[in-house]
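Participant: My questions concern the predicted model and sequence given below.
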Amino acid sequence: MFCIRHIESNFLRKFKALYLQKLVINIGYSRTVREYEVRYQRLRERGEAYTNWLNRISRKQYALAFDGGYRWGHMTTNLVECINSVLKGARNFPITALVKATFYRLNELFTRKRAEAKARINAGHVFSELVTTKLHANQLASRNIQVNCFDRQNEVFEVREMPSGLEYAVDLRRHQCDCGEFQMDQVRRVYRARFRPLENPSTWPAYTGLRFVPNPFLRRMTKGRPRMTRFLNEMDTRMLRPPRRCRQCGAEGHSRSRCRRSAGAPADHNAQ
């Protein structure tokens, strides 16, 4: 599976077409073949060079409609990006404390999310709370959606989105929709992995492998957060900011607190 963020980055590096950035992402997030084909055709209308470049990648490697469900909706290879809020505050811990904090925080997250999904299923809900909220919001914006009923019990419908022309079959009896988005049985499977208690450390088997000896010369001696050394690319447009200017004199290279003019301002004021 390929990361949609890296595919987007490589696409922008190749074509410099920022206006197609969102369309490329939406192609990867397409959950049905029909939805994929519609968005793919839109990209092809912009230029065959774009789709020819995309055809070099297997569809099952980047599109949800062809991945067989193995991605569980995750479109990035670095799943840690999705749980940064869980690990917030533990990054500056020592190694042992960092691993221990990560273990227990993830265990708490998986246990809580699994229980929440099970509780909603037991309460008769088919979709998650977030999707239910979006469904209510979509009801207010459903003027451009055409709905056709296909049975007497009002349980099977055909839903057509007028602007895009996409069609979906909704079966309320079976609790299914062709879009397949965020149904509760799929959400619970995301958290099906379970953590095991660490038990008493005195009962752990003795470690006989290699011992890690840190290099004392690589120890960071300065205080504060280290300066970022990662090279920025076209994906970091928000981070590529111009150099800061002094709010006192407007020059670059220093702040207002270190401005020479601000240092002489009180003296001039007292002289008056």
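Facilitator: Looks like it came in fine.
Participant: In the stretch 101-250 of the chain, where is pLDDT below threshold?
Facilitator: Scanning the stretch 101-250 of the chain for pLDDT under 70 picks out 180-188, 190, 230-243.
Participant: Quick one: the strands in it, in order.
Facilitator: Secondary structure of the stretch 101-250 of the chain by DSSP state E, counting those that start in this stretch: the strands cover 145-149, 156-161, 167-171, 176-177.
Participant: Report the buried residues of the helix ranked longest in the chain.
Facilitator: For the chain, the helix with the greatest residue count under DSSP state H is helix 95-122. If you call a residue buried by 16 or more other CB atoms under 10 Å, then helix 95-122 has these buried ones: 101-102, 105, 109-110, 114, 117, 120. Where you see a C-beta, it was placed from the backbone N, CA and C, and this is true even at glycine.
Participant: who does it touch, helix- and strand-wise?
Facilitator: In terms of contacts (3 or more CB pairs under 8 Å, 6 or more residues apart in numbering; DSSP states H and E), helix 95-122 is packed against helix 184-190.
Participant: State the distance from the closest residue to Arg114 other than its chain neighbours to Met75.
Facilitator: Nearest non-adjacent residue to Arg114, counting by CB to CB, 6 or more residues apart in numbering: Tyr191, 4.2 Å away. Tyr191 sits 18 Å away from Met75 when distances are taken as CB to CB, to the nearest Å.
Participant: now swap in Val159 and tell me
Facilitator: From Val159 across to Met75, the span is 25 Å (CB to CB).
Participant: Repeat that for Ser30.
Facilitator: Distance of Ser30 to Met75, computed by CB to CB: 11 Å.
Participant: joint contacts of those two?
Facilitator: Residues touching both Ser30 and Met75 by CB atoms under 8 Å, 6 or more residues apart in numbering: Leu64.
Participant: Do you know the pLDDT at the closest residue to Ala97 other than its chain neighbours?
Facilitator: Excluding its sequence neighbours, the residue lying closest to Ala97 (CB to CB, 6+ apart) is Ala90, at 7.7 Å. Confidence at Ala90, expressed as pLDDT, is 77.
Participant: doesn't Arg105 make contact with Ala90?
Facilitator: Yes. Using CB atoms under 8 Å, Ala90 is in contact with Arg105, at 7.2 Å.
Participant: what's the burial count for Ala63?
Facilitator: By the criterion of other CB atoms under 10 Å, Ala63 has 25 neighbours.
Participant: thought it was touching Val33?
Facilitator: No. Judged on CB under 8 Å, Ala63 makes no contact with Val33 at a distance of 9.2 Å.
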